[in-house]
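Undergrad: Generate a structure from the sequence data that follows.
(one chain, ligands or ions: 2)
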Amino acid sequence: MSEAATHSSTAHVARPELLASLDPLLREWLPRQRWFAGKGRPVAGFSLVGAVELLPLTAHLGLLHLLVRAHQPLTPAQGATAHPGDCYQLLIGVREALPPRLAPALIGHLEEGPLAGRTVYEALYDPRPAGVLLEALRTRARIGELRFERDRRHAIRDDLVPRLVTSEQSNSSIVYGDTFILKLLRRIVPGINPDLELPLMLSRESCPRVPAPAAWMMADLGDESYVLGVLQPFVRGAADGWELALRAPAKGEGFDGEARALGRATAEVHTVLARALPTVTLGHAQMELLVDGMTERLEAAAQAVPALRPYAPGLRTAFGALADLAASGHTWTAQRIHGDLHLGQCLRSPSGEWSLIDFEGEPSKPLTERRLPQPPARDIAGMFRSFDYAAHSHSPPTPGWADACRAAYCAGYAEVVGRDPRADPVLLRAYETDKAVYEVLYEARHRPDWLSVPLAATRRLAAASA
Ligand SMILES: Nc1ncnc2c1ncn2[C@@H]1O[C@H](COP(=O)(O)OP(=O)(O)O)[C@@H](O)[C@H]1O
Ligand SMILES: O=P(O)(O)O[C@H]1O[C@H](CO)[C@@H](O[C@H]2O[C@H](CO)[C@@H](O)[C@H](O)[C@H]2O)[C@H](O)[C@H]1O
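TA: Ligands and ions are numbered 1, 2, ... in the order given. Next up, the predicted model:
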């Protein structure tokens with residue numbers, strides 16, 4: 001029987017004194033993590049949402065699963081006064097001393113409490129704690145409030161060696177023996193998470209464009225359930241669309257063929273989503289709400305990023321054109337979509353097959369909003385933006401590259417659904433503008449060195465809309 005399963009009978013909420021002694025370490029460590037969503041606002045404190053010992057803290061190696069809410073009071077200028085704070089999933093290892101190979105995982109040393117003198121660290125770097133999670137998924141363990149589920153059609157071996165994915169991510173992923181990849185969601189919210197919901201549905205509909213969830217990890221807290229992680233087959237030897245798009249010009253290769261295949265893959269996923277889940281017609285009233293949302297996001301981004309302000313009037317024109325079209329009686333069909341599609345969310349297997357991953361949607365948006373049916377043009381606009389990002393990253397520059405990719409992508413899309421997305425330029429431009437505005441804020445918060453890329457796009461879009 002697994003360590004986690006054995007321990008499940010005695011799992012208990014960790015001692016409050018230990019959590020109090022962790023508090024100062026987390027205040028320093030958490031805001032530095034790439035996946036920390038509350039950048040730019042000081043953390044005033046933490047409250048505990050859930051705590052489970054996955055390995056006893058008294059042992060040589062302890063493992064604590066924590067759900068903590070980070071309190072970051074908003075100033076009135078930031079628009080709200082009663083935000084409860086974001087909830088994060090943490091896996092904390094506790095050892096006497098950290099072996100040198102785990103040095104990058106250090107969180108700090110406990111100075112007080114029952115485990116004073118011990119070292120705490122990000123446990124996902126450590127194969128043994130990472131193995132505990134896989135074993136819990138494999139054995140469908142119940143440990144305190146943690147519930148591990150699996151689809152028995154996937155055989156999960158018990159000897160897969162874990163390694164943490166170290167690329168920049170919004171969440172954290174562990175690859176097990178190049179066979180499975182477990183994505184642990186960091187900022188967690190109660191409710192149905194599209195990152196599990198949509199791949200599960202697509203796999204039940206036999207859509208080959210998405211790796212099928214093999215197991216998943218939940219927390220049941222009171223009346224609410226949280227998705228904490230999803231285990232999927234690892235696409236061995238895959239390259240993501242971003243890497244390939246950057247590499248192509250340097251290797252003297254075109255990307256049109258891949259862009260076309262990506263258009264087809266996107267359309268296949270959209271077709272299954274539209275068939276299996278409800279679609280709705282968006283008329284004037286719904287489009288007004290959509291345009292209001294776009295405009296509000298623009299105002300908020302311009303407030304936060306002064307460099308965006310000169311382009312705001314031109315960008316509003318793109319939204320105004322969509323409102324005018326809706327007012328004239330035009331309607332659109334909305335369906336479930338990917339929600340945050342870009343080249344990095346597309347994986348190409350060595351045999352050339354494309355899959356789409358990461359159906360979480362834009363992490364900063366509320367879950368209910370991310371699960372609403374939306375026009376598929378939104379995903380297409382996401383890819384348009386991504387081709388533009390890639391073109392900006394080429395050296396030497398590749399004039400016309402992004403436009404050629406966009407044309408090929410739309411042609412591929414049209415091959416599957418029979419309609420070219422560019423037939424609706426007003427909607428596409430509004431979504432492209434909305435996405436570029438989102439990116440301005442995203443880059444300002446997370447990757448300031450990249451800010452010039454979406455800013456250049458807002459300049460271009462504003463000029464074209466004026
Ligand atoms: N099924 C998979 N097979 C191979 N690699 C994957 C798979 N799923 C994700 N990855 C890799 O992990 C990275 C992060 O996954 P993603 O779902 O985008 O997480 P995040 O939401 O944290 O960005 C991807 O960029 C990709 O390189
Ligand atoms: O972490 P996620 O993949 O869920 O998405 C977030 O981070 C992305 C960057 O890693 C960000 O994408 C932006 O940069 C990409 C190049 O790195 C580019 O291809 C995308 O078009 C651009 O939006 C994404 O917006 C953000 O939600």
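
Undergrad: My read is that Gly382 contacts Leu343, right?
TA: No: between Gly382 and Leu343 there is no contact under CB atoms under 8 Å: 9.4 Å. Using the backbone N, CA and C atoms, a C-beta is placed for each residue, glycine as well.

Undergrad: how near is the residue of the stretch 51-200 of the chain found nearest ligand 2 to ligand 1?
TA: Per CB to the nearest ligand atom, Ser170 is where the stretch 51-200 of the chain lies closest to ligand 2, at 3.4 Å. Distance of Ser170 to ligand 1, computed by CB to the nearest ligand atom, to the nearest Å: 4 Å.

Undergrad: Name the residues contacting each of Gly382 and Leu343.
TA: The contact sets of Gly382 and Leu343 do not overlap (CB atoms under 8 Å, 6 or more residues apart in numbering).

Undergrad: For Leu64, which non-adjacent residue is closest in space?
TA: Ile92 (4.4 Å; CB to CB, 6 or more residues apart in numbering).

Undergrad: Counting neighbours, what do you get for Ser351?
TA: Close neighbours of Ser351, defined as other CB atoms under 10 Å, add up to 6.

Undergrad: Please identify the helix or strand for it.
TA: Using DSSP states H and E, Ser351 maps to neither a helix nor a strand.

Undergrad: hang on, the earlier thing: verify the stated contact: the residue of the stretch 51-200 of the chain closest to ligand 2 with Phe36.
TA: No: assessed by CB under 8 Å, Ser170 is found out of contact with Phe36, at 10.1 Å.

Undergrad: any shared contact partners between those two?
TA: Contacts common to Ser170 and Phe36, judged by CB under 8 Å, 6+ apart, are Arg186.

Undergrad: near ligand 2, which residues of this structure show up?
TA: 169-170, 242, 340, 342-344, 358, 362, 385-386, 389, 439, 442 (CB under 6 Å from any ligand atom).

Undergrad: so can I have TSV of the residues you listed showing secondary structure and neighbour count?
TA: TSV is the format used below for these (DSSP: H, G, I helix; E, B strand; the rest coil; neighbours: other CB atoms under 10 Å):
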residue	secondary structure	neighbour count
Gln169	coil	15
Ser170	coil	19
Trp242	helix	17
Asp340	coil	23
His342	coil	22
Leu343	helix	24
Gly344	helix	19
Asp358	coil	22
Glu362	coil	14
Arg385	helix	25
Ser386	helix	25
Tyr389	helix	20
Glu439	helix	25
Tyr442	helix	19
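
Undergrad: which pair in the residues you listed spans the largest distance?
TA: The span of the residues of the chain next to ligand 2, defined through CB to CB, is set by Gln169 and Arg385 at 19.1 Å.

Undergrad: Please report the distance of the residue in the stretch 201-350 of the chain positioned nearest to ligand 2 from ligand 1.
TA: Ligand 2 sits closest to His342 of the stretch 201-350 of the chain, with a gap of 3.6 Å, by CB to the nearest ligand atom. Noted for His342: a distance of 10 Å to ligand 1, by CB to the nearest ligand atom.

Undergrad: contacting residues for that residue?
TA: His342 makes contact with 242, 382-383, 385-386, 389, according to CB under 8 Å, 6+ apart.

Undergrad: Remind me which helix or strand the residue nearest to Arg147 when sequence neighbours are not counted belongs to.
TA: Distances taken as CB to CB, 6+ apart place Met218 nearest to Arg147, at 4.5 Å, with adjacent residues excluded. Assigned by DSSP H and E, Met218 falls within strand 215-221.

Undergrad: and the next helix or strand after that strand, what other elements does it pack with?
TA: For strand 215-221, the following helix or strand on the C-terminal side (DSSP H and E) is strand 224-233. On a contact count with 3 or more CB pairs under 8 Å, 6 or more residues apart in numbering; DSSP states H and E, strand 224-233 meets strand 86-95, helix 127-138, strand 180-184, strand 187-188, helix 194-204, strand 215-221.

Undergrad: Could you rerun that using 7 Å?
TA: Helices and strands touching strand 224-233, by 3 or more CB pairs under 7 Å, 6 or more residues apart in numbering; DSSP states H and E, are strand 180-184, helix 194-204, strand 215-221.

Undergrad: Buried deepest among these, which one?
TA: Using mean count of other CB atoms under 10 Å, the stretch among those with the largest mean neighbour count is strand 180-184, at a mean of 23.

Undergrad: Quick one: the helices in the stretch 201-350 of the chain, in order.
TA: Using DSSP state H, counting those that start in this stretch, the helices of the stretch 201-350 of the chain run over 241-250, 256-276, 284-304, 312-327.

Undergrad: Packing partners of the first one?
TA: With contacts defined as 3+ CB pairs under 7 Å, 6+ apart, the packing partners of helix 241-250 are strand 346-348, helix 377-393.

Undergrad: same thing but 10 Å
TA: For helix 241-250, the packing partners by 3 or more CB pairs under 10 Å, 6 or more residues apart in numbering; DSSP states H and E come out as helix 256-276, strand 346-348, helix 377-393, helix 401-417.

Undergrad: Figure out which of these is closest to Gly320.
TA: Closest approach to Gly320 among these is made by helix 377-393 (17.2 Å; CB to CB).

Undergrad: Tell me which residues of that closest one come out buried.
TA: 377-392 (16 or more other CB atoms under 10 Å).

Undergrad: Domain map for the protein?
TA: Domain assignment of the chain by automatic domain parsing yields the ranges 6-233, 239-465.

Undergrad: how long is the last one end to end?
TA: Its first and final residues considered, domain 239-465 spans 36 Å by CA to CA, to the nearest Å.

Undergrad: can I assume Asp220 is in contact with Leu146?
TA: Yes: counting by CB atoms under 10 Å, Asp220 does reach Leu146; the two are 8.3 Å apart.

Undergrad: All set, thanks.
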